[in-house]
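Student: pasting a predicted model and its sequence here:
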Amino acid sequence: MQLSPLQLDEMRFLGVRIECRETPELREQQKKFESFAFENTKFTSALEHICADDDVDSLVTNFAVTLTISLPNEGENPSPYIVDVKCVGYFSISKEVFPDFERRYDIGVVNGASLLYGAIREMISSVTARAWYGQLLLPSLNFQANAPSKGNYVAMPKNEPPIVPASKPKPRKKSTKALS
């Protein structure tokens with residue numbers, strides 16, 4: 001076993017909302033809960049990312065990934081729960097293992113989003129395990145289409161730095177500042 005070239009330095013939940021879609025009839029205690037199938041369910045995600053100044057003297061590239069997962073009370077087959085969970089992760093990835101900036105950033109964002117999704121999935125699973133309609137286990141997702149080089153990225157909200165696609169990296173400055 002060895003360390004991964006991608007390290008999750010810190011992760012924080014920015015918001016967690018999980019509630020029953022319908023108010024249950026409390027007098028009718030359900031004994032068996034059916035697992036929920038996600039076919040025809042409105043399921044949305046928003047992935048945002050930003051790279052810190054890539055200090056040429058640093059051994060790693062630092063960046064942040066923010067992931068939001070939502071299951072609104074909409075669609076043909078709505079989930080038994082209304083879900084809106086957002087978290088941010090601060091990552092670093094080895095320049096030695098991935099010397100090409102574009103590839104390094106793609107791998108970092110795709111795998112970073114996967115790590116955050118796993119944490120969100122576990123949060124939802126844990127909270128709903130004791131909720132009225134039983135445990136909700138989100139389906140597995142693949143974030144490869146969200147690689148920065150593919151151009152599928154969401155702009156950061158106003159008053160925050162813009163997202164820089166890996167194919168158009170911003171000019172590098174020597175800096176020892178960490179993401180904040």
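Tutor: Yes, it's here.
Student: least trustworthy helix or strand in the chain by mean pLDDT?
Tutor: strand 44-51 (a mean of 92; mean pLDDT, DSSP states H and E).
Student: in it, what's buried?
Tutor: 47-51 (16 or more other Cβ atoms under 10 Å). Glycine gets a C-beta too; all of them are placed from N, C-alpha and C.
Student: next one: stretch 6-26
Tutor: So, applying 16+ other Cβ under 10 Å, buried residues of stretch 6-26: 6, 8, 18.
Student: then stretch 86-93?
Tutor: 86-93.
Student: distance from that stretch to the middle of the chain?
Tutor: 8 Å (Cα atoms, centre = their mean, to the nearest Å).
Student: ok, now stretch 6-23?
Tutor: The answer for stretch 6-23 is 9 Å, by Cα atoms, centre = their mean.
Student: show me where pLDDT drops low in this structure?
Tutor: Judged by pLDDT under 70, the chain has its weakly predicted residues at 29-33, 152-180.
Student: so which strand or helix has the residue nearest to the spatial centre of the chain?
Tutor: Centroid-nearest residue in the chain: Leu67, 3.0 Å away (criterion: Cα atoms, centre = their mean). Using DSSP states H and E, Leu67 falls within strand 60-71.
Student: pairing partners for that strand, with directions?
Tutor: Strand 60-71 pairs in its sheet with strand 44-51 (antiparallel), strand 81-94 (antiparallel), by DSSP bridges.
Student: got the ones you listed as JSON lines, with distance to Arg27 columns?
Tutor: Formatted as JSON lines, these follow (distance: least, Cβ to Cβ, whole Å):
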{"stretch": "strand 44-51", "distance to Arg27": "34"}
{"stretch": "strand 81-94", "distance to Arg27": "21"}
